[in-house]
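**Q** Take a look and give me a structure for this.
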Amino acid sequence: MGRILLIGECMVEFSPKGDGGYKLGFAGDTFNTAWYLRHLLPTDWTVQYFTNIGDDQLSVDMLNFMKQSEIDTTHVKILKGMNAGLYVISLDKGERSFSYWRSTSAARTLADDPIRLANATQDLDCVFFSGITLAILPENARDRLLQRMAQLRSSGVLVVFDPNIRKRLWNNDDETCHWISRAYAVANVALPSFADEVEMFGDLDVVGAAERIREAGADEIVVKNGGDACYFQTANASGLVLPHESVVVVDTTGAGDSFNAGYIASKMMGATPSISVQRANDLAAKVIAEYGALVAVEDRNQQAKSVEASRSYAEMITKLRHQHSIKRKPSP
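**A** Numbers count the residues shown, from 1 in each chain. Below you'll find the predicted structure:
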């Protein structure tokens, strides 16, 4: 048993249904990860979400959806006169783009109260936040959140961070790199996407990205890489894990979020990094084959069996990584 807290913004989502219409739902990067974690982790684990929402009807519906999804809403605060953010997904051959309405989102104030933040983060096994969590906050609240994450890490809590860079949420690239790097410094585990790291930090390859993030302070890094092999690096191991060869991509919304959940759940259950990456790949492959950020997944008993069954496969994948060359960043 254990307790994991996810910090961020849940939004109202309008996603394509495939027939020209749109489906109303609730999603957001950290919330998506919470939703999948609740399906993956044993029932004796508590999955909690920390955010602020409004008192409008959509916020009420959102809160009810969280509760129906068996996510603990103890630390979801309702603010009178405010509302939930909203976004619409547009698709082009499976690749998504977003239109946002979030300027009055209550979640922007989630780290304003240091006492509430401290109380919510007591007695945790794991805490998860993202670059979007940081981006929507004012600067003093970002600093407050990162200071608390550093305290949690030093006390033995597993701090997991996904930079999930959305450039439109930041003022400029320098600001983005500053705060993302600061987040890497307080996280045990970093789950970046290679395309984001290339664009913002200029990394030449997945190994170079992982090494830079490790130098920033993270202990364990998994570089997600779209349809190419993921790369993981820890103090004791590193390697490539190959993706699924034949996946029909319908909608990539939620791919990284579900990957995060698959990795965290497997890690918390004691799986090795290579097995955890493979399990994360399995889940993400299922998610991108359907519409929307949240798709049905197998029950927890089947998940446990799958983790065990993937051990021999993951060992084989680790051996195969030697057949794939990776360019290393040249020495200065």
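**Q** need the contact list for Val47.
**A** Val47 sits next to 4, 6, 34, 37-38, 41, 70-72 when contact means C-beta atoms under 8 Å, 6 or more residues apart in numbering. To be clear about C-beta, it is placed using only N, CA and C from the backbone, and glycine gets the same treatment.
**Q** need the helix or strand of this structure with the lowest average pLDDT.
**A** Sorting the helices and strands of the chain by mean pLDDT, DSSP states H and E puts helix 300-320 at the bottom, at a mean of 44.
**Q** can you give me the helices in the stretch 151-300 of the chain?
**A** With DSSP state H, counting those that start in this stretch as the criterion, the stretch 151-300 of the chain has helices at 173-186, 194-201, 206-216, 255-268, 273-287, 300-320.
**Q** elements contacting the second one?
**A** I take that to be helix 194-201. helix 173-186, helix 206-216 (3 or more C-beta pairs under 8 Å, 6 or more residues apart in numbering; DSSP states H and E).
**Q** Mind doing that once more with 10 Å?
**A** Helices and strands touching helix 194-201, as assessed by 3 or more C-beta pairs under 10 Å, 6 or more residues apart in numbering; DSSP states H and E, comprise helix 173-186, helix 206-216, strand 220-223.
**Q** Direction included, what does the last one pair up with?
**A** What it means is strand 220-223. strand 189-190 (parallel), strand 230-233 (antiparallel) (DSSP bridges).
**Q** quick check: mean pLDDT across that strand?
**A** For strand 220-223, mean pLDDT rounds to 98.
**Q** May I ask which of the contacts of Val47 has the most neighbours?
**A** Within the contacts of Val47, neighbour counts (other C-beta atoms under 10 Å) peak at Leu6, which reaches 31 neighbours.
**Q** ok, now which ones touch that one?
**A** Contact partners of Leu6, counting by C-beta atoms under 10 Å, 6 or more residues apart in numbering, are 28-35, 37, 47-51, 71, 75, 126-130, 133, 160, 260-261, 264.
**Q** name the element it belongs to?
**A** Here Leu6 sits within strand 2-7, counting by DSSP states H and E.
**Q** Endpoint to endpoint, stretch 287-296 covers what distance?
**A** 8 Å (C-alpha to C-alpha, to the nearest Å).
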